[in-house]
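> sequence unavailable; structure follows:
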């Protein structure tokens, strides 16, 4: 019995390759769309989280300060707010002695000077302790540039410097006209990063950017009349 062996024609091979290519293109399109949407959601979540972290941290410390010690600057390139604190860093409680508040030092929040040319900046927190309880180490406001740096302080100074949040687009602090309330506004901003992904950007710049604005007011509870 003779058997005939029949191979695939060129046309059949071309059709098979074409169908497989269409399938791959559709699969990649679905994957690309899902991945881009995931990255956009991730970007939005990140700026929201950074805004909440920055707002929560500053508000918690403003609540425990004396508003008369607060000094702020909203003028570029560096925005900052500095105020006295009585919070014990180890316990998180306001320290008192014989029912009197013991002021421990100054807390300084400011946008990173090295990020001044960037739209999104790091928010830094510097703690400047008083030398002792009877002789507070007053901050010379005219020499704020000495403190507004990215350079880590020496361990012997007792100062601390850390990054609180990132993607800070704007930090605005003002003392309410009634002089008892501090108004705080924080704007975070981040651009969708497509450079590390395996596809070309096919959306507008506006669609690839996320911004979150948080506003709050707080009345420092340890202010003296």
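Nice, thanks for sending it over. Keep in mind that what you see is a predicted model, and the values were worked out from it rather than measured.
> count the neighbours of the closest residue to residue 102 other than its chain neighbours for me.
Spatially, and ignoring its direct neighbours in sequence, residue 102 is nearest to residue 95 (4.5 Å; Cβ to Cβ, 6 or more residues apart in numbering). For glycine as for every other residue, the C-beta is placed from the backbone atoms N, C-alpha and C. Counted with other Cβ atoms under 10 Å, the neighbours of residue 95 add up to 16.
> how about residue 95, what does it touch?
86-88, 101-102, 104 (Cβ atoms under 8 Å, 6 or more residues apart in numbering).
> may I ask which two of those are separated the most?
Using Cβ to Cβ, the pair of the contacts of residue 95 lying farthest apart is 88 and 101, separated by 11.4 Å.
> shared neighbours of the two, anything?
94-95.
> can you pull the buried residues of the strand ranked longest in the chain?
In the chain, assigned by DSSP state E, the strand with the most residues is strand 160-175. Across strand 160-175, burial judged by 16 or more other Cβ atoms under 10 Å covers 160-161, 164-171, 173.
> so for stretch 11-28, mean pLDDT?
Mean per-residue pLDDT for stretch 11-28: 76.
> check the offset of that stretch from the chain's centre.
47 Å (Cα atoms, centre = their mean, to the nearest Å).
> what's the local residue count around residue 209?
Count around residue 209 with other Cβ under 10 Å applied: 16.
> which other helices and strands does the helix or strand harbouring residue 60 contact?
In this assignment (DSSP states H and E), residue 60 forms part of helix 10-63. Helix 10-63 sits against strand 80-85, strand 160-175, strand 182-191, strand 209-218, with contacts defined as 3 or more Cβ pairs under 8 Å, 6 or more residues apart in numbering; DSSP states H and E.
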